[in-house]
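K.L.:
coordinates for the following, if possible.
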Amino acid sequence: MRNNLKITEASVREGGLLRARLTYSGRRSALALVIAPDGRRLGRILPAGFTTGQWDPAAPSGLFEPWTAKHPHVHVPSDEITGDPMPWEQCVAFIIGVKP
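P.N.:
Presented below is the predicted three-dimensional model:
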């Protein structure tokens, strides 16, 4: 991960500048939205296996799947999976377009 990328529970900053906000639906392990500072939804982060019924909340793998909008100008993501399961920080970086 880049040294200047800082991910907290509520925000993603790069070099001190706000790149995205993180909001959650239910528990953090269930669903997170990555939202640009202008309000556009950039993507979602789901636990690995969530969409295929393979996710076990009692035994989380620690891996997540990044999903992004097919059309970034559309306010709501169109749920297209865009990567293999990966750790939380890599999912966030993937969605905002930062290469770790």
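K.L.:
what about the residue nearest the centre of the chain, distance to Ile95?
P.N.:
Centroid check for the chain by Cα atoms, centre = their mean gives Ile45 as the closest residue, at 3.8 Å. From Ile45 across to Ile95, the span is 7 Å (Cβ to Cβ, to the nearest Å). All C-beta atoms are positioned from the backbone trio N, CA, C, and that covers glycine.
K.L.:
residues of stretch 44-56 that come out buried?
P.N.:
For stretch 44-56, a neighbour-count test (16 or more other Cβ atoms under 10 Å) marks 44-50, 55 as buried.
K.L.:
could you list the low-confidence segments of the chain?
P.N.:
1-3, 26-30, 69-83, 99-100 (pLDDT under 70).
K.L.:
at 80 instead, please
P.N.:
Within the chain, the segments meeting pLDDT under 80 span 1-3, 26-30, 50-53, 55-60, 68-83, 98-100.
K.L.:
nearest to Cys91, out of the buried residues of stretch 44-56: which one, please.
P.N.:
Proximity of the buried residues of stretch 44-56 to Cys91 (Cβ to Cβ) peaks at Ile45, which lies at 4.8 Å.
K.L.:
what distance separates the helix or strand where that closest one lies from the centre of its chain?
P.N.:
Using DSSP states H and E, Ile45 maps to strand 41-47. Counting by Cα atoms, centre = their mean, to the nearest Å, strand 41-47 is centred 4 Å from the centre of its parent chain.
K.L.:
the helix or strand following that strand versus strand 41-47: what angle between them?
P.N.:
Using DSSP H and E, the helix or strand that follows strand 41-47 in sequence is strand 64-68. Calculated by axes from the mean of the first three to the mean of the last three Cα atoms, to 10 degrees, strand 64-68 forms an angle of 160 degrees with strand 41-47.
K.L.:
overlap in contacts of Ile45 and Ile95?
P.N.:
34, 66 (Cβ atoms under 8 Å, 6 or more residues apart in numbering).
K.L.:
with that, I have no additional questions.
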